[in-house]
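In: Give me a model of this one.
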Amino acid sequence: MGRIEKSIEIGAPPEKVWEMLALDRHKEWDEEMEKSLESLEYTSEVHSLEDKYKVGASARVNMKGMGMGEVDFEITESLENEKMTIHVKKSGTNQTAGIMTFILEPVKKRTRITCVFDYKMPWGIFGKFLEKLFGRRMEEKHLEKCLEKLKSILEK
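Out: Next up, the predicted model:
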């Protein structure tokens, strides 16, 4: 698995940043997801806003292109306003596509958000070759863009 870690400071309190981590809000700050998202439906029961942030909250996401197709997102760790880990699997399998961990740290009246992304390129050995060739740089740029967009939304 490849690993990328990026941080950014956002002029908003951790509570506001936390709100944007709900599975159905990622498309607001992840431009690639916004472009390729066909559908996102919670597969866990969501009776209240808080249910979207609990361990076990899950969603099925259908992405056109990007070699993704249908994937399942599941929150596997959730410490309100501090840390969230989301496990991404290819739908219908136990095959991990990635693990995203978001760590929120208050810094005066701001929040430092660190995203750690452990990912596995699809396509076996060919995917490993692509990852070494350009996949890592591509994923790093994507993560940087996501964090910059999140910052711009929250600092409006």
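In: so what's the residue nearest to residue 52 when sequence neighbours are not counted scoring on pLDDT?
Out: Closest residue to residue 52 apart from its sequence neighbours, by CB to CB, 6 or more residues apart in numbering: residue 22 at 4.2 Å. Using the backbone N, CA and C atoms, a C-beta is placed for each residue, glycine as well. On the pLDDT scale, residue 22 is placed at 96.
In: contacting residues around residue 145?
Out: residue 31 (CB atoms under 8 Å, 6 or more residues apart in numbering).
In: so how far is the helix or strand it falls within from its chain's centroid?
Out: Per DSSP states H and E, residue 145 falls inside helix 136-154. Relative to its parent chain, helix 136-154 has a centroid offset of 11 Å by CA atoms, centre = their mean, to the nearest Å.
In: Go through it and flag the buried ones.
Out: 136, 139, 142, 143, 146, 147, 150, 151, 154 (16 or more other CB atoms under 10 Å).
In: Which positions within stretch 103-111 qualify as buried?
Out: Buried, per 16+ other CB under 10 Å, within stretch 103-111: 103, 104, 110, 111.
In: ditto for stretch 59-78
Out: Here stretch 59-78 shows 59, 61, 63, 68, 71, 72, 73, 74, 75, 78 as buried, counting by 16+ other CB under 10 Å.
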